[in-house]
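*Asks:* Mind folding the following:
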Amino acid sequence: MQLNRVLLFTLLLISDAFAQDYDDDAASPPLPALDNCDGIFLTYTFISRAKEFPHVKNASAQAYAFKSMAKIMNTMNTDLKAWKMFIGFQHDEILVSVDGAVLTEGSDFPAKVGNGTSLSGFPQTDLLNSIDTAGDINQIQVKIDLTGTQFGVKPPGVPLPKTIKLQNDGFKCPNPTQKGSNMYVCCVKDPKFKKKKKEEKNKFLPRQYGDLNIVYDVLQAYENNYLAQVTIDNDNPLGRLDNWNITWEWMRNEFINTMRGAYTFKKDSSDCIYGVQGQYYKNLDFTPVMNCEKKPVITDLPPEMENDDKLGKLPFCCKNGTLLPPTMNETKSHAIFQLQVFKMPPDLNRTALFPPQHWKINGFLNPQYTCGPPKRVSPSTFPDPSGLMASTYAVASWQVVCNITRPKLKSSRCCVSFSAFYNDSIVPCNTCACGCDEDATCDTNAPPLLLPSEALLVPFQNRTAKAKAWAKLKHRDIPKRLPCGDNCGVSINWHVSSDYRKGWTARITIFNWADYTFKDWFTSVRMDKAFDGFEKVYSFNGTKLPKLKNTVFFQGLIGLNYLMPISDGKNPDVDPRVPGKVQSVMSFSKKHTPDIDVIHGDGFPTRVYFNGEECSLPTEMPSGDGRRYMVSVLCLVLIAVMVVFVLIGM
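*Replies:* Coordinates of the predicted model:
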């Protein structure tokens, strides 16, 4: 009997060993390295792993659930504000949960972090120093528990990240040390680091500025609720949002009771009634509550609500979600809305204030913004409502900085085609420039077929016959599996119209393939070789932007600032739909660009933007062999000779 128990216990140990592996010394701190650190001490510890389903024979494709822990300790004599840690994951990791921090870029779980990720503090955003806290470990150190999936590193291999480091400004980190399941590094202040400005010393971080700056101000604070104001400032000269939607995540079971200047798409109080909120606020009528979602989606009010006594009457509100760049309209580059937030235990006092996390903002065919975590800054100041020369201060303020990210391959929202007077083929938008379905029957990777000029006015699904006929005419091969379309809502054609001794001309045409009217549209082009030669645009307003490298800004004239949507043809049963279109010619001088080679590509832009979104450019340009150009010159010479003979005969 005793032998059977021993065998059973042994079998359990063996089966457990196959299921997961543990490092007995995983949590043991590297004391000598910590004692010698005068900075910020970071550690990463791999704790355990277990094989996940499905079980596959390919070891590199096998998934393992893992648990790990990171720690950050402040060993300096000064505080560390708004800590940020980078973990250089390298095994196709997918994070499922993080306790003690949030993902800096605000990604939702599960989050793919195989190329590394940044973590920011929440709820403990700052690490105080040991001297002012009598060595309280809970105030000078934060512990982060991570759970996720990694691929391909089977026992006894240890799936440690490539590196760990502190990302706060003014610190430098050497390569981390690895010992078994542990990785650690001491990051110290960089003596060569210089602050941009001499900031006044206070307990808050200085304000920073990005492409889009959001401030979350608490204006009034009570025990169980507070009044907050959200201010959005568009500070990028090419940034823009149309029908903006902003979302965040409540981390402490808060809910929105009322709002002014904006509204949520979903007005449903069931999450509160059946949740912990309803258990605590037993006598509260949840019927008029604005929103109880953990991740509410908020948008701007229409202009008709601007003077509404209950919902409107806030400065810069109610523009239907339009945020123009300051280069177009300074007053329309701001937005404001207010919300009354109810809190939950244990945050039932006036000073227990926590902003929402994981901020995101987007618009219709606009740039993609990546937002950082909210950082505590000095309280915002406002003019005194009495009109006296005094200032009122917010109870508390946090800033969220959002920056524009360049679109990844095949994820743009607009595209560009190239054409020129010296080549009769159009180089169309790239295949799947704005994405394609995974189950597409067309070829998502084949280069697009060249087109005749009239095909630009035809939707892609109606271009097949024209593309095939043009390929046969030009003696080009037609693949059995035709390339997919660009799938873009807006396309732009750049056409080099002429080239002469003192200058040259180009034409830009914008096509709207969406069922959406673009009001106050704009486009901008970066001309690396031709910027200094830009003279005039004839049907648009054109402005050189000195603060942006070689960029010319175009917008519609007054009364012509609408880009109409796609519409039906004259005979809808036969004719294809017709895109909305705006067009203009521009002239360039060669006085300041004498070496420009228009025929061989210098007349094409290197970047094109529409409403702030960077468009996908073709991978090739119209052939500049000059054959058509030379034929045109020969024709002119023959005509001149004929005229001379006619004059002599007379």
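*Asks:* shaky segments in the stretch 501-650 of the chain?
*Replies:* 624-650 (pLDDT under 70).
*Asks:* Could I get the full set of helices for the stretch 51-200 of the chain?
*Replies:* Remark: helices assigned in the stretch 51-200 of the chain by DSSP state H, counting those that start in this stretch are 130-133, 137-140.
*Asks:* Kindly state which of those helices is positioned closest to Ser589.
*Replies:* With distances scored as C-beta to C-beta, the stretch of the helices of the stretch 51-200 of the chain nearest to Ser589 is helix 137-140 (64.5 Å). From N, CA and C alone the C-beta is placed, and that goes for glycine too.
*Asks:* List the contacts of that closest one.
*Replies:* Helix 137-140 is contacted by residues Met73, Asn74, Thr75, Leu127, Leu128, Asn129, Ser130, Thr133 when judged by C-beta atoms under 8 Å, 6 or more residues apart in numbering.
*Asks:* likewise stretch 189-196?
*Replies:* Gly39, Met76, Asp169, Gly170, Phe171, Lys172.
*Asks:* The second one contacts Ile131, doesn't it?
*Replies:* Okay, so that is Met76. No: with contact defined as C-beta atoms under 8 Å, Met76 does not count as touching Ile131 (9.4 Å).
*Asks:* Please, where are all the strands along the stretch 101-250 of the chain?
*Replies:* According to DSSP state E, counting those that start in this stretch, the stretch 101-250 of the chain carries its strands in the segments 101-103, 111-112, 117-121, 141-151, 164-166, 171-172, 177-179, 182-189, 212-221, 225-234, 245-249.
*Asks:* and Phe53, backbone torsions?
*Replies:* The phi and psi values for Phe53, taken as degrees, to the nearest 10, are phi -80, psi 150.
*Asks:* coming back round to it: figure out which of the helices of the stretch 51-200 of the chain is closest to Ala335.
*Replies:* Short answer: helix 137-140, nearest of the helices of the stretch 51-200 of the chain by C-beta to C-beta, at 37.2 Å.
*Asks:* if we can go back for a sec, let's have the helices of the stretch 51-200 of the chain in a markdown table, adding mean neighbour count.
*Replies:* Formatted as a markdown table, the helices of the stretch 51-200 of the chain follow (neighbours: other C-beta atoms under 10 Å):
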| stretch | mean neighbour count |
| --- | --- |
| helix 130-133 | 14 |
| helix 137-140 | 15 |
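*Asks:* In CSV: those helices, plus mean pLDDT and distance to Thr45.
*Replies:* Shown next, in CSV, are these (pLDDT from 0 to 100; distance: least, C-beta to C-beta, whole Å):
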stretch, mean pLDDT, distance to Thr45
helix 130-133, 95, 22
helix 137-140, 96, 17
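*Asks:* So which of those is nearest Glu304?
*Replies:* Of the helices of the stretch 51-200 of the chain, nearest to Glu304 by C-beta to C-beta is helix 137-140, at 51.0 Å.
*Asks:* still on that earlier bit, find the pair from the contacts of stretch 189-196 with maximum spatial separation.
*Replies:* Greatest spacing in the contacts of stretch 189-196, by C-beta to C-beta: Met76 and Asp169 (14.9 Å).
*Asks:* give the contact list for the residue sitting nearest the centre point of the chain.
*Replies:* Centroid-nearest residue in the chain, with C-alpha atoms, centre = their mean: Tyr369, separated by 2.8 Å. Neighbouring residues of Tyr369 by C-beta under 8 Å, 6+ apart: Asp211, Leu212, Lys360, Ile361, Asn362, Cys402, Asn403, Ile404, Thr405.
*Asks:* give me that answer again for 10 Å
*Replies:* 210-212, 214, 236, 239, 241, 244, 359-363, 401-405, 612 (C-beta atoms under 10 Å, 6 or more residues apart in numbering).
*Asks:* where's it relative to Asn77, distance?
*Replies:* Noted for Tyr369: a distance of 38 Å to Asn77, by C-beta to C-beta, to the nearest Å.
*Asks:* Please apply the same query to Trp250.
*Replies:* Following C-beta to C-beta, the distance that separates Trp250 from Asn77 is 36 Å.
*Asks:* swap in Phe418?
*Replies:* Distance, Phe418 to Asn77, using C-beta to C-beta: 61 Å.
*Asks:* And Val578, by the same measure?
*Replies:* With distances taken as C-beta to C-beta, Val578 is found 70 Å from Asn77.
*Asks:* okay, those two: which has more neighbours?
*Replies:* Neighbour tally, Val578 and Asn77, criterion other C-beta atoms under 10 Å: the higher count belongs to Val578, 16 against 10.
*Asks:* and the nearest residue to Ala70 once chain neighbours are set aside, how many residues sit next to it?
*Replies:* Distance criterion C-beta to C-beta, 6 or more residues apart in numbering; nearest residue to Ala70, sequence neighbours excluded, is Ile144 at 4.3 Å. Look at Ile144: counted by other C-beta under 10 Å, it has 18 neighbours.
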